[in-house]
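Peer 1: Return a 3D structure for these sequence lines:
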Amino acid sequence: MKKTVLTLTLAASVLALSACGNTGNEKVATSKVGDVTKDQLYNEMKDSVGKSALQLIVIENVLNDKYKVSDKEVEAEFNKQKEQMGSSFEQSLAAQNMTEKSFKRGIKLNLLQEAALADGVKVSEDEMKAYYEEMKTELKASHILVADEKTAKEIKAKLDKGEDFATLAKKYSTDTGSQAAGGELGWFGPDKMVPEFTKAAYSLKKGEISEPVKTSFGYHIIKLEDTRDAKVKGSYEDNKAAIKKKLQLQKADQTQLVAKVSKLIKDADVKIEDKDLKDALDQFTSAAATSK
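Peer 2: This next block holds a predicted model:
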């Protein structure tokens with residue numbers, strides 16, 4: 001998903017730092033050569049991750065106040081990601097110095113940011129129903145990805161003259177994941193590709209080749225190889241809320257997330273008392289001032 005202000009790896013540092021608090025000389029470790037107090041630990045962590053951690057905690061607070069994300073939603077996303085990672089799940093957490101608790105906290109932060117991004121984005125009933133119908137069909141497609149429109153048009157002209165799609169994909173495509181297979185992408189539904197690609201692919205008939213399609217990756221020429229029915233769990237009404245969120249996030253302007261968070265921070269009247277961290281929120285205060 002997802003371009004967000006926060007990162008999951010920061011959540012581990014946040015949990016550790018926020019747990020320290022300002023508890024004076026309370027000991028967190030003792031030894032024959034000296035003790036370690038919570039103040040010492042706090043100051044040490046403040047020097048290394050303090051500003052990023054404070055920024056993240058404040059963002060978490062203002063988003064939590066504005067939007068609601070349930071434990072059930074967090075648990076569902078956690079289970080989904082854990083399943084996707086498979087046997088590498090524990091290793092992945094360890095590599096990021098994370099626990100399941102900090103990982104879930106990061107998931108919640110990302111879900112809160114998605115709620116902020118989706119806020120105010122309009123999606124029509126027709127758009128949602130069309131998406132639901134697309135969910136009933138999976139596509140098998142190939143593509144040729146290039147960096148510029150000129151090259152894409154030249155390749156399309158070759159295809160129009162009868163040259164072989166797979167051969168041209170192997171020669172020109174910059175997608176290393178599908179190039180060797182002649183551009184084959186396998187089967188996918190409406191939630192797997194970027195919106196522009198999905199829209200173009202679902203508009204094709206079997207065997208048809210698209211005009212160049214621009215996405216954030218470059219210019220695609222898409223060939224629809226085949227279609228098949230897909231089983232959808234639940235009715236349109238059962239899926240409506242999830243569909244609405246997906247379409248809102250597709251439409252949302254990712255660049256506006258900082259501005260939205262900045263406004264929430266401004267409205268919350270956040271004041272930083274620790275002089276060493278006083279500029280931790282400068283990115284957001286300046287963004288709030290710019291958006292006036």
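
Peer 1: From here on, just use CA atoms for contacts and neighbour counts.
Peer 2: Fine.

Peer 1: show me where pLDDT drops low in the stretch 151-292 of the chain?
Peer 2: Counting by pLDDT under 70, the stretch 151-292 of the chain contains low-confidence residues at 287-292.

Peer 1: where do the helices sit along it?
Peer 2: Listed in chain order, the helices of the stretch 151-292 of the chain (DSSP state H, counting those that start in this stretch) span 165-172, 195-202, 236-251, 257-267, 282-290.

Peer 1: Let's have the ones you listed in JSON lines, adding distance to residue 52 and mean neighbour count.
Peer 2: Conversion of these to JSON lines gives the following (distance: least, CA to CA, whole Å; neighbours: other CA atoms under 10 Å):
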{"stretch": "helix 165-172", "distance to residue 52": "42", "mean neighbour count": "19"}
{"stretch": "helix 195-202", "distance to residue 52": "32", "mean neighbour count": "18"}
{"stretch": "helix 236-251", "distance to residue 52": "26", "mean neighbour count": "16"}
{"stretch": "helix 257-267", "distance to residue 52": "15", "mean neighbour count": "19"}
{"stretch": "helix 282-290", "distance to residue 52": "11", "mean neighbour count": "15"}
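
Peer 1: Can I get those helices in JSON lines including distance to residue 69?
Peer 2: Rendered in JSON lines, the data for those read as follows (distance: least, CA to CA, whole Å):
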{"stretch": "helix 165-172", "distance to residue 69": "44"}
{"stretch": "helix 195-202", "distance to residue 69": "25"}
{"stretch": "helix 236-251", "distance to residue 69": "13"}
{"stretch": "helix 257-267", "distance to residue 69": "16"}
{"stretch": "helix 282-290", "distance to residue 69": "23"}
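
Peer 1: so which of those helices comes closest to residue 61?
Peer 2: The closest of these to residue 61 is helix 257-267. By CA to CA, the value is 9.1 Å.

Peer 1: That closest one packs against which elements?
Peer 2: Other helices and strands packing on helix 257-267, by 3 or more CA pairs under 8 Å, 6 or more residues apart in numbering; DSSP states H and E, are helix 38-66, helix 100-118, helix 282-290.

Peer 1: closest to residue 202 out of those helices?
Peer 2: helix 100-118 (24.2 Å).

Peer 1: In the stretch 1-150 of the chain, where is pLDDT below threshold?
Peer 2: Along the stretch 1-150 of the chain, the parts satisfying pLDDT under 70 run over 1-24.

Peer 1: The same query, at a cut-off of 90, please.
Peer 2: 1-28, 38-56, 93, 95-98, 102, 106 (pLDDT under 90).

Peer 1: that older thread, which among the helices of the stretch 151-292 of the chain is found nearest to residue 125?
Peer 2: Of all the helices of the stretch 151-292 of the chain, the one in closest proximity to residue 125, counting by CA to CA, is helix 236-251 (8.9 Å).

Peer 1: so what's the nearest residue to residue 147 once chain neighbours are set aside bridging to?
Peer 2: Once its chain neighbours are removed from consideration, residue 147 has its nearest residue in residue 218; the separation is 4.8 Å (CA to CA, 6 or more residues apart in numbering). In this structure, residue 218 has beta-bridge partners residue 215, where bridges are defined by DSSP bridges.
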